[in-house]
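>>> Build me a model from this:
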Amino acid sequence: MPKLKTNRGAAKRFRATATGFKCRRAFRNHILTKKSTKGKRQLRAMGIVDDSDVRSVMRMMPLTAKKMARRRRLLTTELVIETGLHLATMRI
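Numbering: from 1, shown residues only. Sure, this is the predicted structure:
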């Protein structure tokens, strides 16, 4: 079985969060004089990768996807322990 390799371009553009991926917003590189101050300010914030693109980002970053799945399982089990709910009643 070959090693799992991360796409290095994707690794530089995306960061994993507990629920998905965050990325930098577009339209903030050049020709900023035409854009309003309000628009440029709002573009400073990190964007969230859309649900339709998460699968392809996970495919480019397999090790990160594994970590996210493990983290999600841990969060779910901690929630079950804290609230006393049973796993069968929860939708994961």
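
>>> make it CA atoms for all contacts and neighbour counts henceforth
OK.

>>> any chance you could map the strands in this protein?
Listed in chain order, the strands found in the chain under DSSP state E are 14-16, 21-23, 47-48.

>>> Show me what the mean pLDDT comes to for stretch 34-42.
Across stretch 34-42, pLDDT averages out at 96.

>>> Relative to Ile48, how far out is the residue most central in space within the chain?
Residue closest to the average C-alpha location in the chain (CA atoms, centre = their mean): Phe21, at 1.0 Å. Phe21 sits at a distance of 6 Å from Ile48 (criterion: CA to CA, to the nearest Å).

>>> In PDB, could you pull the C-alpha coordinates for the lowest-mean-pLDDT helix or strand in the chain?
Every helix and strand in the chain was compared by mean pLDDT, DSSP states H and E; the lowest is helix 62-83, with a mean of 80. Extracted C-alpha coordinates of helix 62-83, given in PDB (Å, rounded to 0.1, in the frame of the first residue of the first chain):
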ATOM      1  CA  PRO A  62      -6.200  12.600   3.600                       C
ATOM      2  CA  LEU A  63      -4.300  12.800   6.900                       C
ATOM      3  CA  THR A  64      -6.100  15.900   8.000                       C
ATOM      4  CA  ALA A  65      -9.400  14.200   7.100                       C
ATOM      5  CA  LYS A  66      -8.500  11.300   9.300                       C
ATOM      6  CA  LYS A  67      -7.700  13.600  12.200                       C
ATOM      7  CA  MET A  68     -11.000  15.500  11.700                       C
ATOM      8  CA  ALA A  69     -13.000  12.200  11.800                       C
ATOM      9  CA  ARG A  70     -11.200  11.200  15.000                       C
ATOM     10  CA  ARG A  71     -11.800  14.600  16.500                       C
ATOM     11  CA  ARG A  72     -15.500  14.400  15.600                       C
ATOM     12  CA  ARG A  73     -15.800  11.000  17.200                       C
ATOM     13  CA  LEU A  74     -14.100  12.300  20.400                       C
ATOM     14  CA  LEU A  75     -16.400  15.300  20.500                       C
ATOM     15  CA  THR A  76     -19.400  13.100  20.100                       C
ATOM     16  CA  THR A  77     -18.400  10.700  22.800                       C
ATOM     17  CA  GLU A  78     -17.600  13.600  25.200                       C
ATOM     18  CA  LEU A  79     -21.100  15.000  24.500                       C
ATOM     19  CA  VAL A  80     -22.700  11.600  25.200                       C
ATOM     20  CA  ILE A  81     -20.800  11.400  28.500                       C
ATOM     21  CA  GLU A  82     -21.700  14.900  29.500                       C
ATOM     22  CA  THR A  83     -25.300  14.800  28.600                       C
END
